[in-house]
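Student: The following block contains a protein sequence and its predicted model.
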Amino acid sequence: MSRQRGWTAVTRVQEIQSKTVFQQPKDGRKRPAIPLAANEDSAALYAHMQVFLLEDLSPNTAILAAYLNELGFPPAVCASSLAQVAPHQEDLEHGIFGVIFLDVMLPDGKSTALAKQLKAKGVDNVFAYTALNDPGERAELISSGFDAVLNKPLTLRELKHTLSQHLS
């Protein structure tokens, strides 16, 4: 059963990605345009909002990016290590990104220090994205500065619920 669900998720990600058109902005970074399947209400309401995604595993990045695209929140920046955050540090600290997803365990360290730093600067909507499912760890992540903790594997329903709680 889970093997079939996994295949369905991969198929859905490919389907969503095929509807995504990439635009090349002046800064050289590729940003996905809102796909045809996006929720028009959320897209219009949050069209100005940029999403930052820090995840080291490309399948997890693809799934989260596909879900975000489907909800009308295409990631503006996708990074895979803490070292890749440095060029975006100023933008992160000044609230350029309306939503920030940080994988907790990265090859070059944990993202909890970054979450703490962003919270100290008054940045909201910083979400932990983790495979850890321990209630104690969850409480520790919230006290580190994360606004919410999303567990892997993430469902579209969970993502939608978390965004609606924090963006309304």
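Tutor: That came through fine.
Student: Could you use CA atoms for every contact and neighbour count after this?
Tutor: OK.
Student: Am I right that residue 64 sits in a strand?
Tutor: No. Using DSSP: H, G, I helix; E, B strand; the rest coil, the assignment for residue 64 is helix, not a strand.
Student: burial count for it?
Tutor: 25 (other Cα atoms under 10 Å).
Student: quick one: it from residue 94, how far?
Tutor: Taking Cα to Cα, to the nearest Å as the measure, residue 64 falls 24 Å from residue 94.
Student: mean confidence for stretch 127-147?
Tutor: Mean per-residue pLDDT for stretch 127-147: 93.
Student: Keeping just the C-alphas, turn that stretch into CSV.
Tutor: This file holds the C-alpha atoms of stretch 127-147, laid out as CSV (Å, rounded to 0.1, in the frame of the first residue of the first chain):
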residue,chain,number,x,y,z
PHE,A,127,8.8,26.6,9.6
ALA,A,128,10.9,23.5,10.5
TYR,A,129,10.7,20.7,8.0
THR,A,130,12.0,17.5,9.7
ALA,A,131,12.0,13.8,9.8
LEU,A,132,12.2,13.9,13.6
ASN,A,133,8.9,13.0,15.1
ASP,A,134,9.7,13.2,18.9
PRO,A,135,7.4,15.5,21.0
GLY,A,136,10.5,16.7,23.0
GLU,A,137,12.3,17.6,19.8
ARG,A,138,9.2,19.4,18.5
ALA,A,139,9.1,21.5,21.7
GLU,A,140,12.8,22.3,21.4
LEU,A,141,12.4,23.4,17.8
ILE,A,142,9.5,25.7,18.7
SER,A,143,11.6,27.2,21.5
SER,A,144,14.5,27.7,19.0
GLY,A,145,12.4,30.1,17.0
PHE,A,146,10.4,28.0,14.6
ASP,A,147,6.7,29.0,14.3
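Student: now the helices for this structure?
Tutor: Secondary structure of the chain (DSSP state H): helices located at 2-18, 40-45, 58-70, 89-93, 112-120, 135-143, 156-167.
Student: These: lowest mean pLDDT?
Tutor: Taking the mean pLDDT of these, helix 2-18 comes last: a mean of 43.
Student: biggest strand in the protein by residues?
Tutor: If you go by DSSP state E, the chain has its longest strand at strand 97-103.
Student: Each with direction, which strands does it pair with?
Tutor: Strand 97-103 pairs in its sheet with strand 50-54 (parallel), strand 126-130 (parallel), by DSSP bridges.
Student: tell me the angle of the first one relative to helix 58-70?
Tutor: This points to strand 50-54. Per axes from the mean of the first three to the mean of the last three Cα atoms, to 10 degrees, the angle that strand 50-54 makes with helix 58-70 is 170 degrees.
Student: Buried residues, strand 50-54. List them.
Tutor: The neighbour-count check on strand 50-54 (16 or more other Cα atoms under 10 Å) flags 50-54 as buried.
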